[in-house]
Structures are given as structure tokens and as C-alpha cells.
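J.: quick check, what structure comes out for this input:
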Amino acid sequence: MGRVDFWDDPNAPAPNSLVPSVTAVVVRDDTLLLIHRVDNDRWALPGGAIELGESSIQAAVRETSEETGIDIEVQGLVGVYTDPRHVMRYDDGEVRQQFSLCFRADPVGGSPRPQPSETRAVRWVALDRLADLDIHPSMRTRIEDGLAWRPGTAAKII
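T.: Numbering: from 1, shown residues only. Below you'll find the predicted structure:
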């Protein structure tokens, strides 16, 4: 299913759904774990919807493993991203308002492998190469906040 992201666009469609989701900023040495998404053809942090019966941390661990093959241990909450100026329109007519909890995590196992239905590629990207990639502005914000995050830091709320 395709997806179009709208950011601060007065012509964006009105949202008709709100789905709590998670993303994970996973850093190893001077690299960041990223996925190349199938639905919008952009690079992003691994993540997805929180399923019934699981916590947000469980969702971050599950989604990262499913999308990347990498197992993680969550270290803390980077931020809560609920900016109504960011909406995503899907092919099925859903228009979702952003609602994402972003976590900082460490890799603890696994090997990078894409999930063909969601990810074209999985890469450990050098931090100094992030500017070269097509990454949505709201995802760049989470990446920047996640890279700046340190234990004990208060979560950012947008």
C-alpha cells in the first residue's frame, strides 16, 4: 500500500485516523540503523503501529526486529511526536495524523535483512552520510533528537 506524507501543507487531506506508533533510534558506533520504506520510498527509522496487548516498548522491539532483523534493547524515551501538521494518506483512503513515540535503543543481536512487504533495504548508515538520504522532515527531527538523547534526558514533546 502506498503512502504520501504531508507536512505543514494547507492542501493536505483532513485526517480520519490516529494510530499510536513507535520508532527506534538504534546507534552502533558512528552508524544509525535505517530502513528504506516500500510505501513512500524514503529512508526512515524502523517502527510501526502498537498492537493490542503490547506495550510501546514491546512494539519498538518487535517492529525493529520484523523490519530489520536486528534485536534491540530500549534505553529510553526520546520523544512524543503528535504534530497535527504531519498527516499520511494511504491508498485505501486512510489519512493518519502523526502519533509516534520515539525510543533510543542499542542493538543486541541479529543480522540486517529487509522485510520485503515493508522495507526495500536495511542499512547501518554513517552519521555523516544522513544528509545524503531522502528522509521526511518529521523523521529527521526524530533522528536528530534521538542522536542528541542521553540517559536521564527529558523526552521531547511535539
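J.: quick one: buried residues of the helix or strand bottoming out on mean pLDDT in the chain?
T.: Of all helical and strand segments in the chain, the minimum by mean pLDDT, DSSP states H and E falls on strand 3-7, at a mean of 81. Neighbour-count burial for strand 3-7, counted by 16 or more other Cβ atoms under 10 Å, picks out Arg3, Asp5, Phe6. Where C-beta positions appear, they are placed from N, C-alpha and C, glycine not excepted.
J.: what's the nearest residue to Leu45 if we skip its chain neighbours?
T.: Using Cβ to Cβ, 6 or more residues apart in numbering and skipping residues adjacent in sequence, the residue nearest Leu45 is Thr23, 4.1 Å away.
J.: which strands border the helix or strand where that neighbour lies, and is each parallel or antiparallel?
T.: Per DSSP states H and E, Thr23 falls inside strand 21-28. Its sheet considered, strand 21-28 pairs with strand 31-37 (antiparallel), strand 47-49 (antiparallel), strand 100-110 (parallel) by DSSP bridges.
J.: and the shortest one, which residues are buried?
T.: Of the residues in strand 47-49, those with enough neighbours to count as buried (16+ other Cβ under 10 Å) are Gly47, Gly48.
J.: still on that earlier bit, now the least confident helix or strand of the chain, how far from the centre of its chain.
T.: 14 Å (Cα atoms, centre = their mean, to the nearest Å).
J.: note down every partner strand of the following helix or strand past that strand and its orientation.
T.: Of the helices and strands lying after strand 3-7 in sequence (DSSP H and E), the nearest is strand 17-18. If you go by DSSP bridges, strand 17-18 pairs up with strand 95-97 (parallel).
J.: which residues sit against the strand it pairs with?
T.: 13-19, 82, 84, 86-90 (Cβ atoms under 8 Å, 6 or more residues apart in numbering).
J.: let's go with 6 Å and repeat that
T.: By Cβ atoms under 6 Å, 6 or more residues apart in numbering, the surrounding residues in contact with strand 95-97 are Pro13, Pro15, Asn16, Ser17, Leu18, Val19, Pro84, Val87, Met88, Arg89.
J.: taking those residues, tell me the two that lie furthest apart.
T.: Pairwise distances among these were taken by Cβ to Cβ; the largest, 15.8 Å, belongs to Pro13 and Val19.
J.: lovely, talk soon.
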